[in-house]
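J.: Using only what follows, build the 3D model:
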Amino acid sequence: MQPLGADEPTEVGPYRLLGRLGSGGMGRVYLGRSAGGRTVAVKIVHPHLALDEEFRTRFRREVEAARRVGGAWTASVLDADPEAAVPWVATAYAAGPSLAAAVASAGAPLPEHTVRVLGAGLAEALAAVHDLGLVHRDVKPSNVLLTVDGPLLIDFGIARATDGTSSLTSTGVSVGSPGYMAPEQILGKGAVSGAADVFSLGAVLAYAATGQPPFPGDSSAALLYRVVHEEPELGKLGDGPLREVVEACLAKDPAARPAPGEAARRLAPEGAARLVAAGWLPGALVEKVGRSAVQLLNLEAAGAVSSGPVAFSGAAVTVGEFGPPPVMDASPATPVDAPAVPAPRDAPRPGKVSVSVSAAAVPGEGGRGRRLSCSVALAVAGALAAVTVGSVFLFRMLPGDGGQGADSGSDAGSSVSEPATEGTAVPARYLGVWEGEGSGLDGTLPMGTFRVTVQQADVGEKLGEMRQTDILGGVCLDVLTLKKVTQKEVVATSAGAKSNHSGCNPEPHTIRLTPTGDDLTYTSDSTAEGNPVARMSRVE
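T.: Residues are numbered from 1 along each chain as shown. All right, here's what the predicted structure looks like:
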C-alpha cells in the first residue's frame, strides 16, 4: 500500500481515494471510500488501453457479467463507467487471500471442515451464476477468495452466456486454466454448459483438500491430456462425503456430474451460511485478514491522502501520469493450524463497530472447537468490522502486478548490491522450469502465474528468467542474474526486461529460490510488488 502521489487522482466518481493497492498491465487499483464510509476498490485502466476498442469491449463485458451476478458467495459491482475516457469500476473491498495463495503460503491443505464449507459456498455461487444463463468458465484456486464471511467466487472476465450471444474471442484472453478445465472445454466440441464449472469445482476442492491439483503434469499439454484421458489423483483425499462429491464432479461425462445445488446439499445439508457463521476458516487465515484490515485502518490515520484535490475528470491522460508505483507492506505468514475466530454473516456497517470476544473455531477432535485469546479476537473483530467485511474486492488485484520505477525493499538485510559469496555453481536440484501461483501483501494479493527458468551459471551470469502472466494475458518478464549460492538457497538479482509494458516493475531487486520438498519457493524483496511469494512445481 502506498500513499497517493501528488499527481494522482484523489477522487474517482463519488469515491475518495486513500492509497494505491497495486499496478499492472491492465491498470491501477486504488483503495477508496464512499461518502457513506464504505470501503471500495477502484480499478482504473491504463489510458493507452482506453484507446483500444477491443479492450473496451472486453472490459465492458466483464462489468456487465459481474453486475448480473450477485449471490451470497459472489460479489457485485458497486459502480462503474466503462464509457469514460479512462474507464473505471468500483467494487466492495474486504481483505482475504485467494485459495491458491492460502494453500501455497501454508504449504499444507485446508482442514476438511473448511473444504466442505468452501465447496458448499462455491456450489451455491455457481447455481446462482447458471440461473442467470452464464457459465463462469474459469473456476480455479486463484479465482476463489477466502474471507471470514465465507468463500467468494470472483473474476467473471471470460464468463459466457449459454446462448452464445456474448461470446468474445480475443488474443491474450484465456478460456480456462489447464488442470482445472473440463474435458469438453479442452476438446472444444459443442457448447460449454454449466457442467464444465462443476468439473472445475471438483478440481478446486481436490486441491484445497490435498494441497495438490488432481491432474498433475509437467507441461500444459500433459495436463490437458490427463484431464481428458486419465482419472484424477485423489489418494490423499480420505473416504466420505467430500471424496464422493469430488469424484462425482470430476466425471468425464458432463451428464454424470451433479448440479451445483445438489453438490451444495451433499457437502453441507444445513447450508453453507450456518457453517460459516459458526467459524469456518483456520485461525491463521483469520489473523492474516485481521492484519490486513489493521493496515487499512492505519492508512487514513497516517495521513495517506495527498494534500490538494486532484479530481479525476476522465480527460485524456498520458501513460505515467499516475505517478510512482505502489509500496505495500507484507507481514510474515502464520501456520495454518492456528485456532479460528467466528464469522457472523451479518457484518456491521461502517460506524457501527461491534467487537465480540467469543472465539468459536473450526471443530476439532470430538467436535470441540479451539479457542483464541480475547485480545486477538478483539483486534481482529474490530478491524474487520471497520473495513466492512462481507464484501469483496471482486476483480483480482492485477495478478502479475508490479510498479513503474519502484524502490526495491530488502529482506534479512540483503540488497541488490550485496556482494557475491559462497558457491558459484548452481546445484542440479534447482535447474529446470518451475511454475506456480504467486501472491503478495502477505498472501492477500493474487499475482497470477509465476514461471521461473533456472539454468547453470556462475556469479554475475544470467541464471534464467521469471515470467508473470496476469488475468488478461499481460506478461512481465524479468532477467535473473546469479548473486550467490548457499547450502540453503540460490540468490539472484531480478531486473525487468526492456520489452516489458509500463505496468511492470523495471527496478532491480533481490529474489531467492529455496527448496521446499520437491518444489521451489520463490521470494522477492520488492516492496513495490508486495514482496511476492510463490511455491512452484517443476514443469520441465
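
J.: going forward, measure contacts between C-alpha atoms and count neighbours the same way
T.: OK.

J.: Span of stretch 32-48 from start to end?
T.: Counting by Cα to Cα, to the nearest Å, the length from the leading to the trailing residue of stretch 32-48 is 23 Å.

J.: Use 14 as the first number from now on
T.: I'll keep to 14 as the first residue from here, and by that count the last item is stretch 45-61.

J.: Now it: average pLDDT?
T.: Mean per-residue pLDDT for stretch 45-61: 85.

J.: try stretch 546-553
T.: Mean per-residue pLDDT for stretch 546-553: 88.

J.: swap in stretch 113-127?
T.: Computed over stretch 113-127, the mean pLDDT rounds to 87.

J.: CA atoms only: put that stretch into PDB for me.
T.: Listed in PDB are the C-alpha atoms of stretch 113-127, where the atom choice follows Å, rounded to 0.1, in the frame of the first residue of the first chain:
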ATOM      1  CA  ALA A 113      -4.100 -20.700  -4.200                       C
ATOM      2  CA  ALA A 114      -2.200 -18.200  -2.000                       C
ATOM      3  CA  ALA A 115      -3.600 -19.700   1.200                       C
ATOM      4  CA  VAL A 116      -2.500 -23.200   0.400                       C
ATOM      5  CA  ALA A 117       0.800 -22.200  -1.100                       C
ATOM      6  CA  SER A 118       1.800 -19.900   1.800                       C
ATOM      7  CA  ALA A 119       0.900 -22.600   4.400                       C
ATOM      8  CA  GLY A 120       2.500 -25.500   2.400                       C
ATOM      9  CA  ALA A 121      -0.500 -27.600   3.500                       C
ATOM     10  CA  PRO A 122      -4.100 -28.300   2.600                       C
ATOM     11  CA  LEU A 123      -7.100 -26.800   4.400                       C
ATOM     12  CA  PRO A 124      -9.000 -28.800   7.100                       C
ATOM     13  CA  GLU A 125     -11.800 -31.000   5.800                       C
ATOM     14  CA  HIS A 126     -14.500 -28.900   7.500                       C
ATOM     15  CA  THR A 127     -13.200 -25.800   5.800                       C
END
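
J.: which stretches of the stretch 314-463 of the chain have low pLDDT?
T.: 314-437, 457-459 (pLDDT under 70).

J.: List the residues that contact residue 244.
T.: By Cα atoms under 8 Å, 6 or more residues apart in numbering, the contact list for residue 244 is empty.

J.: So it: helix, strand or coil?
T.: The three-state assignment at residue 244 reads coil, by DSSP: H, G, I helix; E, B strand; the rest coil.

J.: can you count the residues close to residue 243?
T.: Taking other Cα atoms under 10 Å as the criterion, the count of residues near residue 243 is 12.

J.: Quick check: phi and psi at it.
T.: Backbone geometry at residue 243, expressed as degrees, to the nearest 10, gives phi -120, psi 160.

J.: Residue 197 now?
T.: The phi/psi pair for residue 197 (degrees, to the nearest 10) reads phi -70, psi -30.

J.: And for the residue nearest to it when sequence neighbours are not counted, the neighbour number?
T.: In this structure, residue 197 finds its nearest non-sequential neighbour in residue 205, 6.9 Å apart by Cα to Cα, 6 or more residues apart in numbering. Under the neighbour criterion other Cα under 10 Å, residue 205 is assigned a count of 19.

J.: Distance check, residue 205 against residue 227.
T.: Taken as Cα to Cα, the span from residue 205 to residue 227 is 21 Å.

J.: Tell me the helices and strands packed up against the helix or strand containing residue 550.
T.: Residue 550 belongs to strand 546-551 when elements are defined using DSSP states H and E. Under the contact criterion of 3 or more Cα pairs under 8 Å, 6 or more residues apart in numbering; DSSP states H and E, strand 546-551 touches helix 112-119, strand 445-453, strand 458-467, strand 532-537.

J.: Now render these as CSV, adding mean neighbour count and distance to residue 46.
T.: Putting the helices and strands packed on strand 546-551 into CSV (neighbours: other Cα atoms under 10 Å; distance: least, Cα to Cα, whole Å) gives the following:
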stretch, mean neighbour count, distance to residue 46
helix 112-119, 25, 26
strand 445-453, 25, 23
strand 458-467, 25, 19
strand 532-537, 22, 31
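
J.: Need the ones you listed in a markdown table (columns: distance to residue 271).
T.: A markdown table is the format used below for those (distance: least, Cα to Cα, whole Å):
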| stretch | distance to residue 271 |
| --- | --- |
| helix 112-119 | 23 |
| strand 445-453 | 29 |
| strand 458-467 | 30 |
| strand 532-537 | 34 |
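
J.: Point out where the stretch 114-263 of the chain drops to low pLDDT.
T.: Of all residues in the stretch 114-263 of the chain, those with pLDDT under 70 make up the ranges 169-189, 203.

J.: show me where it has strands.
T.: Shown for the stretch 114-263 of the chain, the strands assigned by DSSP state E, counting those that start in this stretch span residues 147-148, 157-160, 163-166, 173-174.

J.: helices or strands next to the third one in the packing?
T.: In this structure, strand 163-166 packs against helix 125-144, strand 157-160, with contacts taken as 3+ Cα pairs under 8 Å, 6+ apart.
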